[in-house]
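# attaching a predicted model along with its sequence, questions to come.
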Amino acid sequence: MAKTNWSIDPTHSEIGFKVKHMMFTNVSGKFKSFEATVVNEDDKFESSNISFIADVNSIDTNNTDRDNHLRSADFFDVDNFAKLSFVSSEIEKVDDNNFKVSGDFTIKDVTKKITLDAEYSGLMKDPWGNTKAGFSLAGKINRKDFGLTWNAALETGGVLVGEDVKLLCEVQLVKS
């Protein structure tokens, strides 16, 4: 079987997340700098080995003060842990367009197994002859499991930052 190498197209991909703020609204963010490689056999994505890295310094929540706080030791501690990563360990094909992607997710010095739902959009050639594949990925982690424990109590009860983080990624791969 022929090995196929893919890389993420950063200009047509978004690595995002949502977290509850004050327990009732979501704040969205994304990482602007990231890279990923996917190696599979004969374009069969269930046989893929996936490796992903994001530069935590590139976090963007559309608020400079919040972004700087997220980079601090209260959260990601980018001076000591500048990257977060994901390495796949298993991909289960649910049906022709849906997969469960499991692997090791690392934030700071903590690695936990997570599973993401992946929806495959198909293969297509762009106007320049490049073969592209599209995916939407979604999952959820508890930030405290990864050492992101800072919070502030609200006067009315509850906390400022929710524990659950929704992971939402739109990914376009390009065949090498």
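Looks like it came in fine. Keep in mind the model is a prediction, meaning the values are calculated, not measured.
# tell me where this protein has helices.
Ranges of helices in the chain, per DSSP state H, are 64-71.
# please name the residues that touch residue 8.
Residues near residue 8 by CB atoms under 8 Å, 6 or more residues apart in numbering: 34, 35, 36, 37, 38, 52, 171, 172, 173, 174. Using the backbone N, CA and C atoms, a C-beta is placed for each residue, glycine as well.
# of the residues you listed, which is the nearest to residue 160?
For these, the closest approach to residue 160 (CB to CB) belongs to residue 34, at 27.0 Å.
# gap between the nearest residue to that closest one once chain neighbours are set aside and residue 104?
Closest residue to residue 34 apart from its sequence neighbours, by CB to CB, 6 or more residues apart in numbering: residue 54 at 4.1 Å. Distance from residue 54 to residue 104, counting by CB to CB, to the nearest Å: 14 Å.
# between those two, which one's more packed in?
Between residue 54 and residue 104, counting by other CB atoms under 10 Å, residue 54 is the more crowded of the two (21 against 13).
# the strands in this protein, which residues?
Taking DSSP state E as the criterion, the chain carries its strands at 3-8, 14-21, 25-31, 34-41, 44-55, 59-60, 83-95, 98-107, 110-125, 131-142, 161-175.
# and the last one, what other elements does it pack with?
Contacting strand 161-175 under the criterion 3 or more CB pairs under 8 Å, 6 or more residues apart in numbering; DSSP states H and E are the following elements: strand 3-8, strand 14-21, strand 34-41, strand 131-142.
# average pLDDT across that strand?
Per-residue pLDDT values over strand 161-175 give a mean of 97.
# who are the contact partners of the closest residue to residue 74 other than its chain neighbours?
Spatial nearest neighbour of residue 74, chain neighbours left out: residue 150 (4.0 Å); criterion: CB to CB, 6+ apart. Contacts for residue 150 were tallied using CB under 8 Å, 6+ apart; they are 74, 75, 161.
# count of residues packed around residue 2?
Using other CB under 10 Å, the number of residues around residue 2 comes to 7.
# for it, give me its contacts.
Residues counted as contacts of residue 2 (CB under 8 Å, 6+ apart) are 41, 42.
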